[in-house]
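Novice: Provided below are the primary sequence and the corresponding predicted coordinates.
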Amino acid sequence: MTIQSGAMGSIPTFSLAERDRRWTRVRDVMGRAGLDAIIGLPNSSHWDQFQADVRYLTQIGGNCTEAAVVFPVEGEVTAVLRSETDIAWWSLQQDWVSDLRPSRRAFGLPIGERLHELGLTRGRIGVSGLEGMVRAPEGVVPWTLLERLRQQLPEATFVNATVAMQQARTVKSPEEVEFVRKASALAEAAVDRMLELARPGVPERRIYGAMIESMISGGGEMPTMILWGAGRRPPWPHRMLTDRSLQQGDIVNNEVEARWAGYIGQVVAPFSLGPVDPTSKRVFDASVRIFEDLRSFMRPGVRFVDIHRRYVSQVQAAGFEPGAALMHGRGLGDDFPLMWGHRPVEDESLALEEGMVFILKPAAFPQGGADTLVEDGEVVELALRAGDTVVVTAEGAQRLGKRPLELLEL
């Protein structure tokens with residue numbers, strides 16, 4: 001079904017110039033990889049992130065919208081949606097793709113038909129998300145869907161396109177950086193709301209709900225990630241809420257993400273209800289110092305392995321141990337590349353480029369123990385971190401957030 005763009009403006013969208021930039025970049029990568037087309041398949045798991053390549057190429061997605069894309073190295077781009085109703089709605093919300101087709105919940109047939117139309121019965125077809133994603137190394141592609149495509153195109157070759165899409169998407173354009181900046185502002189507004197409500201006796205659910213309401217009212221979208229943990233020791237921030245109410249002496253550990261048209265900004269904003277113990281204060285202060293040092297160090301051309309070595313050296317000099325995720329990509333969906341504080345960098349050639357965006361959150365763990373443990377029935381993380389989303393510039397990594405990096409005692 002080919003449509004014409006209608007009245008737009010109901011949701012945030014990118015320009016046609018941004019579309020052309022992306023499509024040119026992806027097709028350049030495809031040419032070097034020998035791909036005739038890339039297909040992205042529906043999978044809205046992991047807070048709607050596993051379908052990010054589809055949205056990157058089409059602008060279609062969000063709130064677990066089911067969508068697929070057929071992206072040829074030459075020719076018209078096709079998006080496959082769940083139903084005619086979805087087609088009618090998305091035809092009014094974006095002007096990047098006009099060839100929208102229904103799947104009626106079975107995506108294999110329309111994708112296969114489009115590949116036939118493109119003359120790719122013997123083509124080399126890249127499959128986004130087949131394997132090697134940062135958060136899903138085994139891939140996120142439905143097995144039956146891929147088998148049906150193979151049945152429709154038995155002479156075609158299907159290969160992994162995850163790396164190709166990561167290469168195309170890692171450096172963000174100014175338009176993309178601005179979307180991450182807006183997401184970071186939403187996350188900080190949610191943190192402000194959290195701090196307004198957080199008092200002894202207030203249910204965790206009330207605070208969490210107010211944070212989500214703040215994001216939605218500000219123009220954000222769902223689903224989004226808020227990791228939350230509250231307790232006497234620095235608690236491990238987890239996915240599930242409980243019926244617990246906050247208590248005097250609690251520490252609240254968190255990672256707060258917000259989404260602007262799918263683009264993610266993350267902040268780390270722990271606080272306590274009452275005085276913080278001296279060890280946790282020293283840990284947090286060390287995290288802030290290391291954050292600022294790494295931020296200045298992170299310039300184009302700097303290797304990831306050198307960032308990691310600098311982090312480990314500073315943590316150990318402060319009398320602590322490295323651990324947890326040090327930094328990982330932020331933007332739309334899957335967070336390549338990812339650097340762990342306690343694991344060596346495998347690819348020593350990987351280096352920063354201007355326009356890369358990360359959440360930077362250096363951890364400093366007390367010596368002699370694991371990152372987490374169970375203590376008195378509570379999962380304890382042992383460390384409180386500072387963290388913010390940053391973009392790599394010629395002068396170093398620029399913060400996209402504005403809030404002070406401080407451990408508040410309410």
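Specialist: Alright, I've got the coordinates.
Novice: mind listing the strands for the stretch 51-200 of the chain?
Specialist: With DSSP state E, counting those that start in this stretch as the criterion, the stretch 51-200 of the chain has strands at 67-72, 78-81, 99-102, 124-127, 157-160.
Novice: got the contact list for the first one?
Specialist: By C-beta atoms under 8 Å, 6 or more residues apart in numbering, the list of residues contacting strand 67-72 from outside reads 23, 26, 36-42, 51, 53-55, 57-58, 60-61, 77-82, 97, 103, 107, 111, 114-115, 118, 120. All C-beta atoms are positioned from the backbone trio N, CA, C, and that covers glycine.
Novice: give me that answer again for 6 Å
Specialist: The contact list for strand 67-72 (C-beta atoms under 6 Å, 6 or more residues apart in numbering) reads 37-42, 54, 57-58, 60-61, 77-81, 107, 111, 114, 118.
Novice: so which of the residues you listed are in helices?
Specialist: 54, 57, 58, 111, 114 (DSSP state H).
Novice: turn those into CSV, columns for distance to residue 358 and neighbour count.
Specialist: Converted to CSV, those look like this (distance: C-beta to C-beta, whole Å; neighbours: other C-beta atoms under 10 Å):
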residue, distance to residue 358, neighbour count
54, 23, 28
57, 23, 25
58, 25, 24
111, 33, 27
114, 36, 24
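Novice: and the helices in this protein?
Specialist: Along the chain, the stretches classed as helices by DSSP H are 16-33, 45-48, 52-58, 84-93, 108-117, 143-152, 162-169, 174-197, 204-217, 278-297, 304-317.
Novice: out of the ones you listed, flag the one nearest residue 244.
Specialist: Closest to residue 244 of these, according to C-beta to C-beta: helix 204-217, at 5.5 Å.
Novice: centre of the chain to that closest one, how far?
Specialist: Remark: helix 204-217 is offset 20 Å from the chain centroid, using C-alpha atoms, centre = their mean, to the nearest Å.
Novice: now the angle from it to helix 174-197?
Specialist: Orientation check (axes from the mean of the first three to the mean of the last three C-alpha atoms, to 10 degrees): helix 204-217 against helix 174-197 gives 150 degrees.
Novice: what helices and strands are in contact with helix 204-217?
Specialist: Packing contacts for helix 204-217, counted by 3 or more C-beta pairs under 6 Å, 6 or more residues apart in numbering; DSSP states H and E, involve helix 174-197.
Novice: now do the contacts for residue 13.
Specialist: Applying C-beta under 6 Å, 6+ apart to residue 13 gives the contacts 59, 94.
Novice: same question, residue 385
Specialist: For residue 385, the contact set (C-beta under 6 Å, 6+ apart) comprises 268, 287, 361, 363.
Novice: wait, doesn't the third one sit right on residue 386?
Specialist: No - under the criterion of C-beta atoms under 6 Å, residue 361 is not in contact with residue 386, lying 7.0 Å apart.
Novice: more neighbours: which of these two?
Specialist: Neighbour tally, residue 361 and residue 386, criterion other C-beta atoms under 10 Å: the higher count belongs to residue 386, 25 against 22.
Novice: separation between the more buried one and residue 273?
Specialist: Residue 386 is 19 Å from residue 273, where distance means C-beta to C-beta, to the nearest Å.
Novice: do residue 41 as well
Specialist: From residue 41 to residue 273 the distance is 46 Å (C-beta to C-beta).
Novice: the more surrounded of those two?
Specialist: More crowded of residue 41 and residue 273, by other C-beta under 10 Å: residue 41, with 26 against 20.
Novice: and the more buried one, what pLDDT?
Specialist: pLDDT recorded at residue 41 is 96.
Novice: from residue 130, how far out is it?
Specialist: Using C-beta to C-beta, residue 41 is found at 9 Å from residue 130.
Novice: and if you look at residue 294?
Specialist: Note on residue 294: its distance to residue 130, by C-beta to C-beta, is 33 Å.
Novice: still on that earlier bit, find residues that contact each of residue 41 and residue 130.
Specialist: With C-beta under 6 Å, 6+ apart, residue 41 and residue 130 have common neighbours residue 141.
Novice: can you count the residues close to residue 219?
Specialist: 16.
Novice: how about the contacts made by it?
Specialist: No contacts exist for residue 219 under C-beta under 6 Å, 6+ apart.
Novice: bridging residues for residue 69?
Specialist: Assessed by DSSP bridges, residue 69 has beta-bridge partners residue 40, residue 79.
Novice: where does it land on pLDDT?
Specialist: Residue 69 is given a pLDDT of 98.
Novice: more neighbours, residue 294 and residue 130?
Specialist: Between residue 294 and residue 130, counted using other C-beta under 10 Å, the more crowded position is residue 294 (23 against 19).
Novice: per-residue pLDDT, that one?
Specialist: Listed pLDDT for residue 294 reads 98.
Novice: list the buried residues of stretch 80-90.
Specialist: Neighbour-count burial for stretch 80-90, counted by 16 or more other C-beta atoms under 10 Å, picks out 80, 81, 82, 86, 87, 90.
Novice: tell me how far that stretch is from the chain's mean position?
Specialist: Put simply, stretch 80-90 sits 25 Å off its chain's centre (C-alpha atoms, centre = their mean).
Novice: and if you look at stretch 291-309?
Specialist: With C-alpha atoms, centre = their mean, you get 20 Å for stretch 291-309.
Novice: got the buried residues for it?
Specialist: 291, 292, 294, 295, 298, 302, 304, 305, 307, 308.
Novice: just the CA trace of it, in CSV.
Specialist: The C-alpha trace of stretch 291-309 is given here as CSV (Å, rounded to 0.1, in the frame of the first residue of the first chain):
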residue,chain,number,x,y,z
PHE,A,291,33.6,11.0,36.0
GLU,A,292,34.9,14.5,35.5
ASP,A,293,38.4,13.3,34.7
LEU,A,294,37.2,10.8,32.1
ARG,A,295,34.9,13.4,30.6
SER,A,296,37.8,15.7,29.9
PHE,A,297,39.9,12.8,28.6
MET,A,298,37.2,11.5,26.2
ARG,A,299,38.2,13.2,22.9
PRO,A,300,38.0,11.9,19.3
GLY,A,301,40.7,9.4,18.6
VAL,A,302,41.1,8.2,22.2
ARG,A,303,41.0,4.4,22.4
PHE,A,304,38.4,2.6,24.6
VAL,A,305,41.3,0.6,26.1
ASP,A,306,43.0,3.8,27.3
ILE,A,307,39.8,5.0,28.9
HIS,A,308,39.4,1.7,30.7
ARG,A,309,43.1,1.8,31.9
